[in-house]
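Engineer: Got a predicted model here, sequence first, then my questions.
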There are 2 protein chains.
Amino acid sequence: MNARTNTREKILNTAAFLFQKNGYHATGLNEIIKESGTPKGSLYYHFPNGKEELVAATIKLMGDKIQHQIKEELAKNSDPVLAFKEFILDLAQNFNEKDQENCFSIGLLALETVPINESLRKTCIEVYDLWTDAYYQKLVSSGFSSEKARELSLILQLIIEGAITISLIRNDTTMLVAAAEKIPVLLENK
Amino acid sequence: MNARTNTREKILNTAAFLFQKNGYHATGLNEIIKESGTPKGSLYYHFPNGKEELVAATIKLMGDKIQHQIKEELAKNSDPVLAFKEFILDLAQNFNEKDQENCFSIGLLALETVPINESLRKTCIEVYDLWTDAYYQKLVSSGFSSEKARELSLILQLIIEGAITISLIRNDTTMLVAAAEKIPVLLENK
DNA sequence: GTCTATATACGGATAGAC
DNA sequence: GTCTATCCGTATATAGAC
């Protein structure tokens, strides 16, 4: 790993953490360079188009990372009901550990970027599709029909998004737990 | 209606529109005074604590207004399944009419204010509780047990929040329609 | 109560030395 | 590739006339 990669990664990781925590507008480039210990010149060397290019890269990074974690978590149980239930309860558990790892939502970033940049909006949609696809594949491989799996993956997406959003606002995991307990009812017809 | 009320209301309505559309950080006070046609001095006369006081007032205003609309919409059908289904489909319809009235979410504002101000976070929670309570009352008056109604009102809250969030990001109403179609399954046991 | 002019700080971005 | 100094615009907030 050369110096180039190192600096770029450092900027990217710091940016991902700050953007997901405080949002796009509330996170200044000055904060990112201060926190990551990299000078502003390096940031503009690696991301010539500045803040928008940086946030697009972090959204993609978080999207891939989270998709990987989703697949990993869902693979732990062959039974889909159990798999999704445990997955959501796992989100709830992660929620209490306030470290860099609990970035399971790009909701704030996505809502902020919708009104300012069409290309960023598209990037966010691609990320959501990535996650929905992971749900879809788990459902299909568990015996759900393609049609049913498509419909349910959307429902799972919106329930998880809603539960995380409200959990963040309330700063408790009640909603995530409530969502987990509704999984059996939602998946009852294959 | 005296001049005082008039100016204050004008600022408040403009602020509510811009805040809900673009978010807290992306909305400048200069934009609000320009759009509303009121000078900056008046804004600081009516809201001495500036932007934070203004956004708190708009969140409360939107919260009350939306609660009123929720109750009105749910009252149209005595059958709870039909009532909630129609309510969500109505949200979907409103969604396409891009006017000041389609402010049915404070999600962006809430997520943005969580990391900056504890008191604003509390205000947002009160608003969500207001809405959840409207769902709860409809369920109870439809024959659901108090316990069941409490649980279901949370689920309805998170489904609606999730569906609106993703609809905003995708700029289509697929998720709202999908949510509406899941209402019968969710409410099947009283 | 209303309005304008201004203070002050910080934002993103750039130039150019090394 | 790395780093510093600096530009310029805009942000919130305030002072003080009317």
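Structural biologist: Alright, I've got the coordinates. Numbering: from 1, shown residues only, chains lettered A, B, ... in the order given.

Engineer: which stretches of chain A form helices?
Structural biologist: A:3-22, A:29-36, A:40-46, A:50-74, A:80-96, A:107-113, A:118-141, A:146-170, A:174-186 (DSSP state H).

Engineer: Tell me which of those helices lies nearest to chain B.
Structural biologist: Using C-beta to the nearest C-beta as the measure, helix A:146-170 is the one of the helices of chain A that comes nearest chain B, at 2.7 Å. Just so you know, the C-beta spots here come from the backbone N, C-alpha and C atoms, and that holds for glycine as well.

Engineer: quick one: that closest one to helix A:80-96, angle?
Structural biologist: For helix A:146-170 against helix A:80-96, the angle by axes from the mean of the first three to the mean of the last three C-alpha atoms, to 10 degrees is 20 degrees.

Engineer: do helix A:146-170 and chain B meet?
Structural biologist: Yes. For helix A:146-170 and chain B, the contact criterion (C-beta under 8 Å from any C-beta of the partner chain) is met by A:151, A:154-155, A:157-163, A:165-166, A:168-170.

Engineer: before we move on, what about stretch A:173-190?
Structural biologist: Yes. Judged by C-beta under 8 Å from any C-beta, stretch A:173-190 and chain B are in contact via A:T174, A:M175, A:A178, A:A179, A:K182, A:V185, A:L186, A:E188.

Engineer: closest to DNA strand D among the residues you listed?
Structural biologist: Nearest to DNA strand D among those: A:M175, at 30.8 Å, using C-beta to the nearest atom of the strand.

Engineer: and the helices of chain A, which is most packed in?
Structural biologist: helix A:107-113 (a mean of 26; mean count of other C-beta atoms under 10 Å in any protein chain shown).

Engineer: name the helices or strands packed onto that one?
Structural biologist: If you count contacts as 3 or more C-beta pairs under 8 Å, 6 or more residues apart in numbering or on different chains; DSSP states H and E, helix A:107-113 packs onto helix A:3-22, helix A:50-74, helix A:118-141, helix A:146-170, helix B:107-113, helix B:146-170.

Engineer: got TSV for those helices, with mean pLDDT too?
Structural biologist: Shown next, in TSV, are the helices and strands packed on helix A:107-113 (pLDDT from 0 to 100):
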stretch	mean pLDDT
helix A:3-22	89
helix A:50-74	97
helix A:118-141	98
helix A:146-170	97
helix B:107-113	97
helix B:146-170	97
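
Engineer: DNA strand D is nearest to which of the ones you listed?
Structural biologist: The nearest among the helices and strands packed on helix A:107-113, by C-beta to the nearest atom of the strand, is helix A:3-22 at 3.1 Å.

Engineer: how big is the angle separating that closest one from helix A:50-74?
Structural biologist: Going by the same axes, to 10 degrees, helix A:3-22 makes 80 degrees with helix A:50-74.

Engineer: between helix A:3-22 and helix A:29-36, what angle do the directions make?
Structural biologist: Using the same axes, to 10 degrees: helix A:3-22 against helix A:29-36 is 120 degrees.

Engineer: Output helix A:3-22 as CSV, nothing but the C-alphas.
Structural biologist: Extracted in CSV, the C-alpha atoms of helix A:3-22 (Å, rounded to 0.1, in the frame of the first residue of the first chain):
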residue,chain,number,x,y,z
ALA,A,3,1.4,6.6,0.3
ARG,A,4,-1.1,7.7,-2.3
THR,A,5,-3.6,5.0,-1.4
ASN,A,6,-3.0,5.6,2.3
THR,A,7,-3.8,9.3,2.2
ARG,A,8,-6.8,8.8,-0.1
GLU,A,9,-8.2,6.1,2.2
LYS,A,10,-7.6,8.2,5.3
ILE,A,11,-9.6,11.1,3.8
LEU,A,12,-12.3,8.7,2.5
ASN,A,13,-12.8,7.0,5.9
THR,A,14,-12.8,10.2,7.9
ALA,A,15,-15.3,11.7,5.4
ALA,A,16,-17.5,8.7,5.5
PHE,A,17,-17.7,8.8,9.3
LEU,A,18,-18.4,12.6,9.5
PHE,A,19,-20.8,12.7,6.5
GLN,A,20,-22.9,9.8,7.8
LYS,A,21,-23.0,11.2,11.3
ASN,A,22,-23.6,14.9,10.7
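
Engineer: Give the closest residue to A:I70 in space, chain neighbours not counted.
Structural biologist: A:A134 (4.5 Å; C-beta to C-beta, 6 or more residues apart in numbering or on different chains).

Engineer: quick one, what contacts the one you found?
Structural biologist: A:A134 makes contacts with A:Q67, A:I70, A:K71, A:L74, as judged by C-beta atoms under 8 Å, 6 or more residues apart in numbering or on different chains.

Engineer: now A:I70: how far from DNA strand C?
Structural biologist: Between A:I70 and DNA strand C the computed distance is 30 Å (C-beta to the nearest atom of the strand, to the nearest Å).

Engineer: what do you get for A:L111?
Structural biologist: Distance, A:L111 to DNA strand C, using C-beta to the nearest atom of the strand: 18 Å.

Engineer: same thing with A:K34?
Structural biologist: Distance of A:K34 to DNA strand C, given as C-beta to the nearest atom of the strand: 9 Å.

Engineer: cool, A:H46 as well?
Structural biologist: Taken as C-beta to the nearest atom of the strand, the span from A:H46 to DNA strand C is 12 Å.

Engineer: Name the nearest residue to that residue, sequence neighbours excluded.
Structural biologist: Closest to A:H46 by C-beta to C-beta, 6+ apart is A:R8, at 4.6 Å.
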